[in-house]
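Novice: Just the structure for this:
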Amino acid sequence: MGINQNYKLNLIQWYPGHIAKAEKNLKEQLKLVDVVLEVRDARIPLSTFHPQIPQWIGNKKRLLVLNRLDMISEQVRQLWADWFKRQGEQVFFTNAQQGQGVTAVSKATQATGVELNQRRRDRGMLPRPVRAVVIGFPNVGKSALINRLVGRRVVESAARPGVTRQLRWVRISEDLELLDAPGVIPAKLEDQEAGLKLAVCDDIGEAAYDNQLIAAAFVDLVNELYAIAPDVLPENPLRSRYDLDPTSSTGESYLHNLSELRHKGDVERTARQILTDFRKGFLGTLPLELPPN
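Specialist: Now for the predicted structure:
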């Protein structure tokens, strides 16, 4: 899918020093862990894949968690589950805010501990709690997942991305210790379309971007998805919400028309409203990515 060329993006500026530091700390800590819970956003499972993670993890056990299952439909969830299965991956879907799906993640993590301790016993070593780490992009719901796994609020979980800075271990049970790591985004995002989706979903951490460009690109993206796979998407969510059909216009002109209709020509306010409505789920279960053919 091609994004309109005007977005020759320095659309998004980012990479504050703390992410470089977070990355260094995370690599250190990964040496100490047995199992990695990689959390991605169910609306954009491919764009929230961090290309360095496989290399950092090496041959450690990894569980893939797609969070925000409430923001995609059952049908789209099934498409992703099947697609990942074909890649040899089992996926756990969660809604960490509400707690759905967390028990399965917890059980799978504990099971890893059982295997680990069996191997330790076989080598004449004492069993110990399994050490797990939760990693992923800023704001994909890592802290909420940890709070659910622990069963009490231990991590400051906020909509403000990049809240988690320090690394700390949380003892979940006799058998499990969990490390909460800061969100990491790639130092260089080669794929600007992925950057756009991260910004739309607010999974990007402390980055500067232009709301109007992002909102216009979002409308273009939605139009492209409807051109490809209308049958798995909710029925024209932009038209339903704003009484204005986007299909025959560019994202940019849609934004301007909607601003005239709703906000006396205030394009910035309109852009913010569209992004907020999407992030809060007011546009329905609208994914921004579907599995590659």
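Novice: what residue ranges in the stretch 1-150 of the chain score low on pLDDT?
Specialist: 1-19 (pLDDT under 70).
Novice: Any buried residues in the helix or strand containing residue 81, and which?
Specialist: Element membership for residue 81 (DSSP states H and E) is helix 74-86. Within helix 74-86, the residues that count as buried by 16 or more other CB atoms under 10 Å are 76, 77, 79, 80, 81, 83, 84. (Glycine included, C-beta is placed from N, CA and C.)
Novice: Burial check on the residue nearest to the last one when sequence neighbours are not counted, number of neighbours?
Specialist: I take that to be residue 84. Spatial nearest neighbour of residue 84, chain neighbours left out: residue 91 (4.6 Å); criterion: CB to CB, 6 or more residues apart in numbering. Residue 91 has 19 neighbours, counted by other CB atoms under 10 Å.
Novice: Residue 91 and residue 101, how far apart?
Specialist: 10 Å (CB to CB, to the nearest Å).
Novice: how near is the residue nearest to residue 84 to residue 64?
Specialist: 5 Å.
Novice: intersection of neighbour lists for those two?
Specialist: Common neighbours of residue 91 and residue 64, using CB atoms under 8 Å, 6 or more residues apart in numbering, are residue 84.
Novice: Double-check the residue nearest to residue 84 against residue 82; I have them as touching.
Specialist: No. At 9.7 Å, residue 91 does not count as touching residue 82 under the criterion of CB atoms under 8 Å.
Novice: so the residue most central in space within the chain bridges to which residues?
Specialist: Taking CA atoms, centre = their mean, the centroid of the chain lies closest to residue 41, which sits 2.6 Å from it. Beta bridges link residue 41 to residue 67, judged by DSSP bridges.
Novice: give the contact list for it.
Specialist: Counted by CB under 8 Å, 6+ apart, residue 41 has contacts 47, 48, 66, 67, 68, 137, 140, 141, 201, 203.
Novice: and which of those residues is nearest to residue 253?
Specialist: Nearest to residue 253 among these, counting by CB to CB, is residue 201 at 23.6 Å.
Novice: The closest one: neighbour count?
Specialist: 24.
Novice: picking that back up, what is the nearest of the buried residues of helix 74-86 to residue 274?
Specialist: Looking across the buried residues of helix 74-86 and measuring by CB to CB, the closest to residue 274 is residue 76, at 20.7 Å.
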